[in-house]
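In: Compute the structure for the input listed below.
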Amino acid sequence: MSLQTGEEIAYSESLLIDPDTLQIAALELGGESLDEHPSFLRIEDIRELSSIGFIIDSSDECIGLDDVIAIKELYNNGFQPVDKQVVDETGKKLGKVYDTIFNTDTFRIEQLCVNRPLLMSFGDTELLIRRTQIVDVTDKQIVVRSTAIKQTDAAKKKRSQPMDNPFRKPQRDPQPETITAKE
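Out: Presented below is the predicted three-dimensional model:
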């Protein structure tokens, strides 16, 4: 929506996301009143986010593909987290991203919504992965920290020692009886 005219300028078709920071850099726009196709709206040019949509000063805020080099690079990269495979550091498949949750103040993706594979979905049908758990983002997958607990050698040794049950009396090794002969 334009603050100048009060009319709809365009609608948002997709997000341009920087895969290194998971920051939303711009919105790809669609609509009949746009001068250029594709057109973009940089996040910095959004004046306000309201229930009716994004409010900007005027249609002059909409830019073309060749206007900003960083926008062109992100557009050509075409990174979208949806449908990316999610694996942990050990290579175990956790599922596929079906949606993202972003902070409306910073326009940074904060969580990934992941559908679990069929065999894993019996216990959990979906996972929410925070951005702090993400280790690496590639063209084909998103790598997250493993939830497996790493044990030290001392912990493994301690676990392998038998545990004494405090409710049972300790069993003594049987001792042979000594019989003394009567005189």
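In: tell me, what residue is most central in the protein?
Out: Nearest to the geometric centre of the chain sits Leu112, at 3.5 Å (Cα atoms, centre = their mean).
In: Chain neighbours aside, what residue packs nearest to that one?
Out: Ile129 (4.5 Å; Cβ to Cβ, 6 or more residues apart in numbering). Placement of C-beta: from N, CA and C, glycine included.
In: what about that neighbour, which SS state?
Out: Assigned state for Ile129: strand (three-state reduction, DSSP: H, G, I helix; E, B strand; the rest coil).
In: got a list of what it touches?
Out: Contacts were defined as Cβ atoms under 8 Å, 6 or more residues apart in numbering; by that measure Ile129 touches Val86, Leu94, Gln111, Leu112, Val114, Val144.
In: Give the buried residues for stretch 96-109.
Out: Of the residues in stretch 96-109, those buried under the neighbour-count criterion (16 or more other Cβ atoms under 10 Å) are Lys96, Val97, Thr100, Phe102, Phe107, Arg108, Ile109.
In: tell me the contacts of the second one?
Out: With contact taken as Cβ under 8 Å, 6+ apart, Val97 is in contact with Pro81, Val82, Asp83, Lys84, Val86, Leu112, Cys113, Val114, Ile142.
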